[in-house]
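Q: just need the structure, nothing else, for what follows:
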Amino acid sequence: MRKSSRVLGISLLLALSFAGMASSAAWHEDRRGLLTVSFLNIGQGDSIFIDAPSGRQMLIDGGPGTVVLRKLNDVIPWYDRTIDVVLATHPDIDHTNGLADVFSRYRVSYIFLPSVKGTTDDWAATLRAAHGEHAREVVAQRGQIINLGDGAYAEVLFPDRSLPDTETNTASAVVRLVYGQTSFMFTGDSPQEVENRRSRSTSSDSTE
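A: Numbers count the residues shown, from 1 in each chain. Below is the predicted model:
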């Protein structure tokens, strides 16, 4: 009797666990037209996860190491092992060292890479992982529009040309995310002069 009761208890616990996971999955899929932007707490550096109303996802940078995987677990459902777009703003360790781990866990459709040359072994490892992903690779440059569906899109504002030998921060990709009347600017580690130039350009474009 005790054994059968224990089996019944375990069965009920498993059933409740599966029900909870199903509810969680349904909740994540029911976005109600919301754009979610998560600034992942990865320590030094940046990693931003974008979940568009259409369900398309974009990751900008991956922070300095494996912590990005733990933080992605908080914003991506357990059953989802895909990310539509990954963009590396520039090849500094605190922004892109975690991307190799992202590529090992998630299937990525598009990878946007900076034109500036990275010189570290860590960046070389990130590039090898990106090349092994079999995703479409694109060098980020001004004018590119990344369609995230349902009216949401990301636009690359900078660089406006290839900058292979420029200082890495100065060559950071600058991206504007737009959804309706809401917009975000992601600047990597761009110095103030680049941010000011991009802000003026954006203001000029909006008044044309």
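Q: what's Gln144 in contact with, if anything?
A: Shown in contact with Gln144 (CB atoms under 8 Å, 6 or more residues apart in numbering): Phe112, Val138, Glu155, Val156. Where you see a C-beta, it was placed from the backbone N, CA and C, and this is true even at glycine.
Q: elements contacting the strand or helix carrying Asp122?
A: Per DSSP states H and E: Asp122 is located in helix 121-131. Contacts defined by 3 or more CB pairs under 8 Å, 6 or more residues apart in numbering; DSSP states H and E place helix 121-131 against helix 93-96, helix 99-105, strand 107-113.
Q: tell me what the following helix or strand past that helix is packed against?
A: The helix or strand immediately downstream of helix 121-131 is strand 136-139, counting by DSSP H and E. Secondary-structure packing of strand 136-139 (3+ CB pairs under 8 Å, 6+ apart): strand 107-113.
Q: just the CA atoms of the strand it packs on, as CSV, please.
A: Extracted C-alpha coordinates of strand 107-113, given in CSV (Å, rounded to 0.1, in the frame of the first residue of the first chain):
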residue,chain,number,x,y,z
ARG,A,107,20.8,27.7,-33.1
VAL,A,108,21.2,31.1,-34.7
SER,A,109,19.9,32.2,-38.1
TYR,A,110,21.8,35.5,-38.6
ILE,A,111,25.1,36.7,-37.1
PHE,A,112,26.1,40.3,-37.5
LEU,A,113,29.8,40.9,-37.0
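Q: can you list the strands that that strand pairs with?
A: strand 82-87 (parallel), strand 136-139 (parallel) (DSSP bridges).
Q: what's the offset of the last one from the middle of its chain?
A: On the basis of CA atoms, centre = their mean, to the nearest Å, strand 136-139 sits 15 Å off its chain's mean C-alpha point.
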